[in-house]
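**Q** got a sequence here, can you build the structure:
(2 chains)
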Amino acid sequence: MRDLIRLAYNAVAGHKLRSGLSMLGIAIGIASVILLTSIGEGTRRYILEQFAQFGTNILSVVPGKAETVGIPGVLGGTTRKLTIDDALSLQRISGVNEVVANAYGSARVEANGRGRSVFVYGVTPNVPTAWNFRVRQGAFWPAGDPRRGAQVAVLGPSLKRELFGEENALGRFVRIGGSRFRVIGIMEAKGQFIGFDIDDAVYVPVASAMRLFNLTELNEVHVVYAHAGLADRVEREVHRVLKARHNDTEDFTVTTQKAMLDVFGNVMNMITLAVGAIAGISLLVGSIGILTMMWIAVGERTQEIGLIRAIGATRQQVQLLFLTEAAALATLGGAFGILGGVGIATLLRLAIPGLPIHTPLLFVALAVAMSTVTGLLSGVLPARRAAALDPIEALRTE
Amino acid sequence: MTLADLFRFAIGSLGGHRLRTALSLLGMAIGVAAVVALTALGEGARRYVIDQFASIGTNLLIVVPGKTETTGIPGMVPGTANDITLQDAEAVARQIPEVDKVAPLVVGTEDVSYGARRRQVPVVGSTQEFEEVRKLSVVRGEFLPAADMERGRSVAVLGQKVAQEIFLGEEPVGKIVRIGGWRMRVIGVLAPRGVQLGMNVDDMVLVPVGTAMKMFDRRSLFRIFVQVRATADLEQAKGKVIRLFKERHDGEEDITVLTQDAVVSTFSQILGALTLAVGAIAAISLTVAGIGIMNVMLVAVSERTREIGLLRAVGVGRRQVLAVFLTEAALLSAAGGLLGLAVGWTAIEILVQVFPALPASPPPWAVGAALALSFGVGLLFGWLPARRAARLDPVLALASR
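**A** Residues are numbered from 1 along each chain as shown, chains lettered A, B, ... in the order given. Okay, the predicted model is just below:
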C-alpha cells in the first residue's frame, strides 16, 4: 500500500506542470460548484431567518380557495365574508394564544406639511406579542371590542422620522387617507423583510382600516398557537370552526407558516441543485482532462509497466497503481477547489457584507467525495489499458 | 511553409493521436453544448412570456388603484384610501380621445352550480368591451351585453371548462345557473383560451360589472383595462389618464398606470439576465476544456522535440513553429466548438419536438459567443505550449531523445 502511494506520488510529482494543470481543471469545477451552492444555501437560510423573526408557530387564514386561483387572497373573497367575528371565534380554540385580524392597504399619511404613501395595517392590539414586535414609545390602543375602531395610530419608526424628524410625535395628529388619527405609539425598528421596509408603515385598529379602505371583509387572519406540536390540531380546528360559520363551505384558505416555508425550501433546494449541476459540467470536462493525461501516461510508461510486471507485480496491482494516481490527482484538485471556492466566498462576503453565503460542511464533504469518485472514474480506462499490456511486449517497446 | 502546409501538418499530428484528440474535442464540445442548450432554454422561456403578454394586446394601459412608492408590486395590496370607480372608468372612455375601449374589472371567487354539480371559480365582472380588450371570443351564444355599466343584469358567460364540468355536454346557453346565491341566465360560452398570465380563462365566469359589484358588495374596481387607438399614442394617453384621475381625486395621484411595454420589458430583462448568468456558469467548463487542451499540447511539444529540432534545422523560423502549434490548438478547439454546437442544437430541437409550446432556440449572440470563446480559448491556452516549442534550441532539441 505504501509503495502504491509512493509510486503514484512520484508519477504525479514527476510531471509537475502536467499534474498541476489536470488538478486545476478539477479545482475550477469544484470551486464553482461549492461557490454557487453556497450562495443558494445562504439565500435559503437568509429567507427562512426573515420569516422566523415573526415567530414560526403561526398560521394564516385568507378568504377564497387557493385551488381555483393560484394566489389566495389576491382576488378577494366570496359572497360570504371573512369577518372580525370569524376571527374572534378562532380565539376560543384551545392552544391558540393570539388571533390577529388584518385589513391592510396603502394610503397617504400626512402630518407636519409632509406626506408619504405607506402601508396601512389594520390590526388588533395584540400585534406586539403575536408578531414579536416591540413598541418604543407609547403603546397600542387598549384591547376592547375590535369591531369598533378608534381614530388612533401607531407609527413605524421610518415613517415617524420622515414625518416628524426628531420631534415628539406622541399625541400629535396625522391624516391617513383624509381622516384624522391621533398618534399613540411608535414602534421599535425592525428593519427589512425580504425587500420591504416594515418600519415604513402605520398600524391602526382593524375596524378603522376597514372603514378607511371601504373593506367589507378582512384580508387575513393570523392565528398564533402555543407550540409546534399543536400545529395539526389547531389547523383542523380552524377549518372546522370557520366551515361551521360559513354554511359548511370551505371558502377560505389556511396556510401554516411551516407548510409555506417547506414549499419555499423545496423550491430553493431545486434551484441550488440545478445551478450546482450546471457548474458540475466543468467537473465532467475536468475529468475528461484527467482521462486524457492518464491515457498518455500509460503510453509513455509502457516500458516501466513491463518492468514492474516482470519483477512479479500482478495485473490487479498495475491497475490499482493507475487508479490511485488518477484518484490522487482529482482529490488534490478537489481540495484546492474547496480552498478556492471558500476563499472566494469569504472575499465576496467581505466585499458585500449583506450577501448571504453559507457553506455547510456536508457540501464540503460531498465535494471531496465527488472529486475522488471523478478521479477514479476517469482512471478506469487508462488503468485497464495499463493492466492489459503484455509484459514481454511492453518491455520491448521503446 | 505555406498555410496549406501548416494545416496539413496540424491535421496530421492530430490524426496521429486519435483518442487523445477525440478526448480534447469532447471536453470542448461538452462545454459549448451546455452553453448553447442552456441559453436556448432561457431564451425560450423569455419568448414564451413575451408571447403570453402579446396575446392580450399591446395597446393596453392597466389602471391599478394605489400609488406605489414604498411597495414593489402594484395591485397586490387590496384596498386603498381612494377607490377607482365605475364613474372613473366612464370618464376615461368619454374624455380622452386617444382611448378606444375601456373595460372595468371586478374579481371575486364563488360557487357556480347547475343541478347537483358545482364548481368554485373566479367570477369576473366586466363589460362588452372586455371581449375585444382581452381578445376573447364566444363559441356559442353571445358575449356580455352592451349596457349602462351600473345596471347589472343577471346574465353570465361561462368559460369552456366551467361549461363542460357543470353541464356535462348539455347545451348551457339559455339555462339558469346559480352563482353564490344569485340566479343567472347563461348567454354564452367562451372559446378555449388556456392559461393567460396565470389566469385560466377557460375556468372562469364572466358577468356584467354592475352585477359583480352587487354580488361581492364592492364599490371599487379591481383594475381598469384601457385600450388605446394607436400604439404611438400610448405614452400620451397614459399621461392624460393620470391627469384625469388626479383631477377627479382631489388633486391626489393615487393610481398606478401600467403599460404592457413596461411589464414586458421588466420580465424580458429579468429572464435575459438569468439566461446570461446560466450561460456564464456553463462557460466555466470552456475554461476547464481549454486547460485540458493546453495539457495535451504540452505533452505533444515534449514528444515532438526532435521533430521540432529537425524543422528548425532545415530552416523553419521560430514564428512558423509557433504558428504550427497555435494552428493545432485552434483547430482542436474550433472543431470541438462546432461539434458542441451541433449536439446542443440537436438536443434543443428534440426538446422542442417534445414540448412544442416552448419556443426554445439558441440566441444568435450565445452561438457566436460560444464559438468565438471556444476558438479564443484554444488560441489562449495553445499559446504557452506553442511558445515553448518555438523557444527550443534546435541543436539541443535534435540531440534529445
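**Q** confidence score at the closest residue to residue B:165 other than its chain neighbours?
**A** Excluding its sequence neighbours, the residue lying closest to residue B:165 (Cβ to Cβ, 6 or more residues apart in numbering or on different chains) is residue B:119, at 5.4 Å. Any C-beta I mention is one placed from the backbone N, CA and C, and that applies to glycine too. Listed pLDDT for residue B:119 reads 80.
**Q** residue B:119: neighbour count?
**A** Residue B:119 has 16 neighbouring residues, counting by other Cβ atoms under 10 Å in any protein chain shown.
**Q** so it touches residue B:166, yeah?
**A** Yes - counting by Cβ atoms under 8 Å, residue B:119 touches residue B:166, with 5.7 Å between them.
**Q** show me what the residue nearest to residue B:165 bridges to in the sheet.
**A** Taking DSSP bridges, one finds residue B:112 as the beta-bridge partners of residue B:119.
**Q** now do the contacts for it.
**A** B:111-113, B:162, B:165-166 (Cβ atoms under 8 Å, 6 or more residues apart in numbering or on different chains).
**Q** tell me which residue is most central in the chain.
**A** The chain I'm using is chain A. residue A:44 (0.9 Å; Cα atoms, centre = their mean).
**Q** wrong one, I was asking about chain B
**A** residue B:46 (0.9 Å).
**Q** helix or strand for it, which one?
**A** Assigned by DSSP states H and E, residue B:46 belongs to helix B:18-54.
**Q** look up the closest residue to residue B:287, ignoring the ones flanking it.
**A** residue A:28 is the one closest to residue B:287 (Cβ to Cβ, 6+ apart), at 6.3 Å.
**Q** what ranges do the helices span in the chain?
**A** This is for chain A. Counting by DSSP state H, chain A has helices at residues A:2-14, A:16-52, A:84-90, A:127-131, A:157-164, A:206-212, A:231-245, A:257-300, A:302-310, A:315-351, A:361-388, A:391-396.
**Q** ah, no, chain B please
**A** Going by DSSP H, chain B shows helices at B:3-16, B:18-54, B:86-95, B:129-133, B:160-167, B:209-216, B:234-248, B:260-303, B:305-313, B:318-354, B:364-391, B:394-399.
**Q** could I get those as CSV with distance to residue B:139?
**A** As requested, the helices of chain B are arranged in CSV below (distance: least, Cβ to Cβ, whole Å):
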stretch, distance to residue B:139
helix B:3-16, 64
helix B:18-54, 22
helix B:86-95, 28
helix B:129-133, 13
helix B:160-167, 8
helix B:209-216, 22
helix B:234-248, 32
helix B:260-303, 27
helix B:305-313, 78
helix B:318-354, 30
helix B:364-391, 40
helix B:394-399, 83
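**Q** closest to residue A:381 out of these?
**A** Taking Cβ to Cβ, helix B:18-54 is the member of those nearest to residue A:381, at 9.4 Å.
**Q** next up, the contacts around the residue nearest to residue B:287.
**A** Each residue near residue A:28 by Cβ under 8 Å, 6+ apart is listed here: A:282, A:286, A:337, A:340, B:284, B:287-288, B:291.
**Q** these two touch, right, residue A:46 and residue A:354?
**A** No - using Cβ under 8 Å, residue A:46 makes no contact with residue A:354, being 9.0 Å away.
**Q** all set, thanks.
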